[in-house]
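Novice: What follows is a predicted protein model with its sequence.
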Amino acid sequence: MEIEIAESLLLPFAGTALGAGCVFFMKHNPHPALQRILNGFAAGVMVAASVWSLLLPSIEQSGHMGRLSFIPAMTGFVLGMFFLLLLDQMLPRIPAGGAGKGDPGHDWQKTTMLVFAVTLHNIPEGMAVGAVCAGWFSGTTGITLPDVMILAMGIAIQNIPEGAIISMPLRSGGRGAVRSFLYGVLSGVVEPAGAVLTIFAVGVMTPLLPYLLSFAAGAMIFVVVEELIPEMSRGMHPETGTIFFCFGFALMMVLDVAMG
C-alpha cells in the first residue's frame with residue numbers, strides 16, 4: 001500500500017521529467033496534434049477527478065451541516081480559483097515558445113520566469129494529490145486508492161507537455177541537453193513536496209479537509225479552463241482535443257464508479 005501511495009505522489013513529477021527528457025531524443029517541440037491529444041485527455045481526467053475525487057467527497061465530509069453542506073465545498077472552490085487567478089496576475093506573461101535565441105541576459109530572464117511560472121502552477125496540482133491522499137487516509141470521504149492513482153496519472157499526463165515547454169526551447173536556443181533537462185525537472189520538484197506537506201497539514205487539522213479538497217478542485221478547474229482547453233483547441237482539427245477530453249472524462253467516471 002505504501003508503494004502505491006509513493007507512486008501516486010511521484011507520478012506528476014515523473015510526467016514533468018518525462019516531458020523534459022524530450023531534449024535527449026527530439027530536436028523540436030512535440031507535434032501539435034500530440035499536444036492537443038495529451039492536453040484534451042488530461043483536461044477531461046482532471047475535470048472528472050475534480051468532481052468525483054474532490055468536490056463530492058468535500059460535500060460528503062460536510063454532511064453534518066445538512067442543507068448547508070455545500071458551503072465548505074463552495075468556499076474552498078472559490079478560494080482555489082482566486083488563488084490561481086492571483087498567481088496569473090502576479091506572474092509576467094511569457095511569450096509563446098519560452099526562451100530562445102537572442103540576447104543572453106534577456107534569454108536568461110525569460111528562462112527564469114518561465115521556470116518560476118510553471119513551478120508555481122504546479123503547487124496546486126501537488127496539493128490536489130495530497131488532498132486526495134489525505135481524504136483516502138481518513139476513510140470517511142469515499143475516496144479510494146484508484147481515485148488517488150487516476151488523479152495523479154491525469155496530472156502526470158498534463159505535465160508532459162509542460163516539461164517539454166521549458167526544456168525544448170532551451171535546447172533549441174543552444175543550451176546543453178542535460179542543462180535543459182534539469183531546468184524542466186526543476187519545475188516539477190514542488191509537486192511531491194506540496195503533496196506531502198498537504199497530507200501532514202490535514203493530519204493536524206482534519207476539519208480543514210473539506211475546504212482543502214474543494215480548494216484543490218477550484219485550482220485544477222482554473223488550470224483546465226485557463227490553459228488546457230485553449231491549448232487543446234489550437235491549430236488545425238481542434239475537435240481532436242475535444243474528443244480526447246470527452247474520452248478522458250468518461251474514462252475517469254467509469255473507473256471511479258467501477259473501482260470505487
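Specialist: The structure has been received and is ready for your questions.

Novice: contacts and neighbour counts: CA atoms only from here.
Specialist: Noted.

Novice: Can you tell me how far Glu7 is from Ala42?
Specialist: Going from Glu7 to Ala42 by C-alpha to C-alpha, to the nearest Å gives 18 Å.

Novice: more crowded one of those two?
Specialist: Ala42 (30 against 16; other C-alpha atoms under 10 Å).

Novice: just checking, the more buried one touches Gln158?
Specialist: Yes. With contacts counted by C-alpha atoms under 8 Å, Ala42 reaches Gln158, the gap being 5.2 Å.

Novice: out of everything not next to it in sequence, what's closest to Phe181?
Specialist: Among residues not flanking Phe181 along the chain, Ala20 sits closest, at 5.1 Å (C-alpha to C-alpha, 6 or more residues apart in numbering).

Novice: okay but the one you found is in contact with Gly184, surely?
Specialist: Yes. Using C-alpha under 8 Å, Ala20 is in contact with Gly184, at 4.9 Å.

Novice: Could you name every residue contacting both of the two?
Specialist: Gly163, Ala164, Ile166, Ser167 (C-alpha atoms under 8 Å, 6 or more residues apart in numbering).

Novice: now the strands for the stretch 1-150 of the chain?
Specialist: Ranges of strands in the stretch 1-150 of the chain, per DSSP state E, counting those that start in this stretch: none exist.

Novice: remind me which residues of it are low pLDDT?
Specialist: Applying pLDDT under 70 to the stretch 1-150 of the chain flags residues 1-2, 4, 27-30, 91-115, 117, 140-141.

Novice: how about the helices in it?
Specialist: 2-20, 32-49, 56-61, 70-90, 104-138, 145-172 (DSSP state H, counting those that start in this stretch).

Novice: check contacts around Pro192.
Specialist: By C-alpha under 8 Å, 6+ apart, the neighbours of Pro192 are Leu9, Leu10, Pro12, Phe13, Gly126.
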